[in-house]
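Asks: Just the structure for this:
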Amino acid sequence: MIHSRSRLVREAYDRINEVNEENVSVDEIMERFTPDKHPDVLAGRKTTAQCKNELIAFFDVTGGGGTFAGSLVNADGTKISSSTSDRTITFGHFMDYWASISSTIDSDSDFETFLRACFR
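Replies: This is a model prediction of the structure:
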């Protein structure tokens with residue numbers, strides 16, 4: 001991923017990581033993740049719950065430390081399970097997720113708008 005996009009991802013991670021720990025929990029990420037502006041949600045291909053579940057599944061598949069029993073969400077956004085608090089994500093794994101998203105967005109400006117819209 002190009003430097004300007006990497007910098008934006010770092011800024012997003014740092015906003016989530018308010019206490020400046022080495023890792024952040026999945027819960028911390030999910031509390032801030034608002035996929036309403038995700039391209040697939042806007043196009044009607046996915047629901048916000050599907051995007052949240054894919055984000056959790058990405059971290060589950062790629063690792064990141066800690067244990068993970070799953071915390072998927074219903075279509076209304078309520079948690080199916082709340083067992084992610086001990087699951088931590090490194091900046092590298094967070095970057096890997098956004099690199100996969102970045103490859104689907106041509107414009108740096110669109111990527112920045114999307115990334116900023118996804119985290120409150």
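Asks: Quick check: next helix or strand after the helix or strand bottoming out on mean pLDDT in the chain?
Replies: One helix or strand of the chain scores below all others by mean pLDDT, DSSP states H and E: helix 48-62, with a mean of 81. Next helix or strand after helix 48-62 toward the C-terminus (DSSP states H and E): strand 88-89.
Asks: who does that following strand pair up with?
Replies: strand 24-25 (antiparallel) (DSSP bridges).
Asks: Mind checking what helix or strand follows the partner strand in sequence?
Replies: helix 26-32.
Asks: Got phi/psi on T34?
Replies: When read as degrees, to the nearest 10, the backbone of T34 gives phi -130, psi 90.
Asks: Let me see the contact set for it.
Replies: Contacts for T34 (CB atoms under 8 Å, 6 or more residues apart in numbering) come out as 48, 117-120. Every residue, glycine included, has its C-beta placed from N, CA and C.
Asks: got it, and R10?
Replies: 91, 95.
Asks: From T90, how far out is it?
Replies: For R10, the distance to T90 (CB to CB, to the nearest Å) stands at 12 Å.
Asks: Please work out the average pLDDT along stretch 18-33.
Replies: Throughout stretch 18-33, pLDDT has a mean value of 86.
Asks: Name the residues of that stretch that are buried.
Replies: 23-30, 33 (16 or more other CB atoms under 10 Å).
Asks: Also stretch 107-114?
Replies: Buried, per 16+ other CB under 10 Å, within stretch 107-114: 111-112, 114.
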